[in-house]
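Asks: No sequence on hand, only this structure:
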């Protein structure tokens with residue numbers, strides 16, 4: 001199977017990350033795409049839709065010069081991923097399936113500092129009715145109900161790697177041993193965890209200093225990882241050459 005991890009388009013949080021406005025107003029629990037984020041998703045959809053059957057295919061077409069030909073598309077239930085995935089799915093004419101485990105690390109939450117106390121405001125994400133009204137083509141898992149898909153609170157850090165492994169196990173169970181080309185509309189933090197699990201990367205300690213493993217993902221970048229019964233192969237990471245320079249964020 002070929003896996004294509006696609007980060008969502010620029011969100012409101014992404015746009016404000018380094019600004020005084022972000023510091024003053026805080027983060028949004030489930031941010032929407034910005035206008036630039038929507039445009040990024042549209043460029044990505046057009047790029048993924050390209051097909052060049054006349055190009056001579058060498059081995060496994062390591063740069064997708066013949067095209068992508070995605071057969072399956074999954075996304076998290078965070079709105080920025082759902083919106084990005086919906087734009088891509090509509091352009092490619094394939095189904096978009098939401099998966100509860102594919103959300104960003106931490107989940108849906110808001111924090112507020114009141115004096116010396118940090119208050120966590122319970123959030124549950126969008127409800128089934130919201131998704132049905134705003135994204136009627138999205139295929140929802142049964143877990144999404146009238147309250148919302150997120151249990152509430154902040155995901156414990158010890159759960160992150162376990163959830164990343166569940167995502168890997170799900171994808172293998174559904175697609176390993178096939179010629180499926182699977183797109184996953186994802187987030188930077190959980191992709192980092194998935195990458196570490198796939199390639200068994202351990203963060204090293206040098207005396208008292210821990211060297212952290214870091215991965216940078218641009219909005220709407222594409223990373224390709226091929227998996228078969230014998231090997232896992234990274235073909236490229238954080239590909240954005242299809243985006244105009246002004247849309248690389």
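Replies: Nice, thanks for sending it over. Everything numeric in this text was worked out from a predicted model, so none of it was measured.
Asks: Can you pull the phi/psi pair for the most centrally placed residue in the chain?
Replies: Central residue of the chain (C-alpha atoms, centre = their mean): residue 186, 0.5 Å from the mean position. Taking degrees, to the nearest 10, you get phi -130, psi -170 for the backbone angles of residue 186.
Asks: Grab the nearest non-local neighbour of it.
Replies: Using C-beta to C-beta, 6 or more residues apart in numbering and skipping residues adjacent in sequence, the residue nearest residue 186 is residue 5, 5.2 Å away. In short, each C-beta sits where N, CA and C put it, glycine included.
Asks: Touching, residue 225 and residue 232? I think so.
Replies: Yes - assessed by C-beta atoms under 8 Å, residue 225 is found in contact with residue 232 at 6.6 Å.
Asks: For residue 122, which non-adjacent residue is spatially closest?
Replies: Nearest one to residue 122, counting by C-beta to C-beta, 6+ apart, is residue 152 at 4.3 Å.
Asks: Identify the residues contacting residue 185.
Replies: Residue 185 makes contacts with 6-8, 73-76, 81-82, 84-85, 88, 102, as judged by C-beta atoms under 8 Å, 6 or more residues apart in numbering.
Asks: which ones among the residues you listed are found in helices?
Replies: In helices, defined here by DSSP state H, the members of these are 81-82, 84-85, 88.
Asks: How about stretch 177-188, which residues are buried there?
Replies: 181-188 (16 or more other C-beta atoms under 10 Å).
Asks: in this structure, what spans have low per-residue confidence?
Replies: 18-26, 112-115, 118, 204-211 (pLDDT under 70).
Asks: which one of the contacts of residue 185 sits closest to residue 48?
Replies: Each of those was scored against residue 48 by C-beta to C-beta, and residue 88 proved nearest at 6.3 Å.
Asks: I figured that closest one hits residue 38, correct?
Replies: No - with contacts counted by C-beta under 8 Å, residue 88 stays clear of residue 38, the gap being 11.7 Å.
Asks: Same drill for those two, tell me which one is more crowded.
Replies: Higher neighbour count among residue 88 and residue 38: residue 88, with 27 against 16, using other C-beta atoms under 10 Å.
Asks: how close does the more buried one sit to residue 81?
Replies: Shown here: residue 88 relative to residue 81, a distance of 11 Å by C-beta to C-beta, to the nearest Å.
Asks: One more: residue 146?
Replies: Taken as C-beta to C-beta, the span from residue 146 to residue 81 is 21 Å.
Asks: Nearest spatial neighbour of residue 167, chain-adjacent residues omitted?
Replies: That would be residue 101: by C-beta to C-beta, 6+ apart, it lies 5.3 Å from residue 167.
Asks: Also residue 3?
Replies: Nearest residue to residue 3, sequence neighbours excluded (C-beta to C-beta, 6+ apart): residue 225, at 4.7 Å.
Asks: what about the host helix or strand of the one you found, distance to the chain center?
Replies: Per DSSP states H and E: residue 225 is located in strand 222-227. Remark: strand 222-227 is offset 13 Å from the chain centroid, using C-alpha atoms, centre = their mean, to the nearest Å.
Asks: And the contacts of that strand?
Replies: 1-6, 44, 48, 60, 64, 172, 176, 191, 198, 217, 232-240.
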